[in-house]
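Asker: Please work out how this folds:
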Amino acid sequence: MKDRIILSQNKSNALPPLIIIFIVSVLISCGEKKEGSAEQENTEAETVANVGVNELSQKEREDGWELLFDGESTEGWRGYGKDSFPEGWTIEDGAMKVEGTGAGEAGGGGDIIYDEEFKDFELSLEWKVSEGGNSGIFYLAEEIEGERIFASAPEMQILDNERHPDARLGENGNRQSGSLYDLIPAEPQNAKPVGEWNKVSIIVYRGTVVHVQNGENVVEYHLWTDEWEEMVQSSKFKKWKNFLNAGGDDKKGYIGLQDHGDDVWFRNIKIKKL
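Answerer: Coordinates of the predicted model:
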């Protein structure tokens, strides 16, 4: 009798053949989807990897990215406050280069800007710096007669943190690479050594600003807020009203690259309007 009961129980717990076939087919289908997804990701990664310097991938073009520098010409760029591209800047090995004078901001061709104003955007580029080098990336700059670009534009710092004295000045490292210059330090501080390319992005969207350096968000702040005004009023920028109102009434401005008298290279400069 016990044997019969066990047998009966086993029969009641067994899965019907059709259900077993269904489960197996679902498992096989999931496996195929995972394999297909992996193949798609690998293809996309290979496509990005195969894109050359100063070029856009097909996906970037579809997403609305625009090149601001093609590696061969200075088209679209001019000196700040000037009608033409200045001497002191050259193109070297597919990069736009500041020819260092060793005289800091006192010499050279001066800062350059891209001749279009941007409002909400993501700017992406790569830079490398010479030993002891200093430069910066300006955004939301206004071109105001008699004023330097830094009087109206926030700056993402470019620096050789190991050698340039600015790395030890300011407060809490707020003059080191990736920082909002002299206001907010880049954290973590992940700049690469002299001679290596650093990839950075600046995102500006309705007053929110993010600095990204080598794949990490290192600065975040919010323009035109009470906190922004308090921070500026406690800094050396308090005497420049146009800095406090970065972007002016229209909340837009120029992208600028700084000539600080040192050799610095820029490439893969591209922007996406948001």
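
Asker: how about residue 89, what does it touch?
Answerer: For residue 89, the contacting residues are 74, 96, 97, 98, 99, 109, 112, 259, by Cβ atoms under 8 Å, 6 or more residues apart in numbering. Heads up, the C-betas are built off the backbone N, CA and C, glycines and all.

Asker: again but with residue 240, I slipped
Answerer: By Cβ under 8 Å, 6+ apart, the residues touching residue 240 are 147, 151, 152.

Asker: how about 6 Å then?
Answerer: Each residue near residue 240 by Cβ atoms under 6 Å, 6 or more residues apart in numbering is listed here: residue 151.

Asker: Kindly provide the distance from it to residue 274.
Answerer: Plainly put, residue 240 is 26 Å away from residue 274 if you go by Cβ to Cβ, to the nearest Å.

Asker: now residue 188
Answerer: Taking Cβ to Cβ as the measure, residue 188 falls 25 Å from residue 274.

Asker: Poorly predicted segments of the stretch 51-200 of the chain, please.
Answerer: 104-107 (pLDDT under 70).

Asker: Helices of that one, residue ranges please.
Answerer: 58-63 (DSSP state H, counting those that start in this stretch).

Asker: quick one: the strands in it?
Answerer: For the stretch 51-200 of the chain, the strands defined by DSSP state E, counting those that start in this stretch occupy 65-67, 77-79, 89-92, 95-98, 112-114, 121-129, 134-141, 155-159, 198-205.

Asker: Thought residue 152 was touching residue 142, still the case?
Answerer: Yes: contact criterion Cβ atoms under 6 Å: residue 142 and residue 152 qualify, at 4.2 Å.

Asker: Out of the two, name the residue with the larger neighbour count.
Answerer: residue 152 (26 against 21; other Cβ atoms under 10 Å).

Asker: okay but the more buried one is in contact with residue 245, surely?
Answerer: No: judged on Cβ under 6 Å, residue 152 makes no contact with residue 245 at a distance of 8.2 Å.

Asker: any residues in contact with both of residue 142 and residue 152?
Answerer: Both residue 142 and residue 152 are in contact with residue 242, where contact means Cβ under 6 Å, 6+ apart.

Asker: in the chain, which residue is closest to the centre?
Answerer: Centroid-nearest residue in the chain, with Cα atoms, centre = their mean: residue 201, separated by 0.5 Å.

Asker: wait, what's in contact with that one?
Answerer: Going by Cβ under 6 Å, 6+ apart, residue 201 touches 122, 124, 212.

Asker: And residue 142, by the same measure?
Answerer: Counting by Cβ under 6 Å, 6+ apart, residue 142 makes contact with 152, 242, 248, 253.
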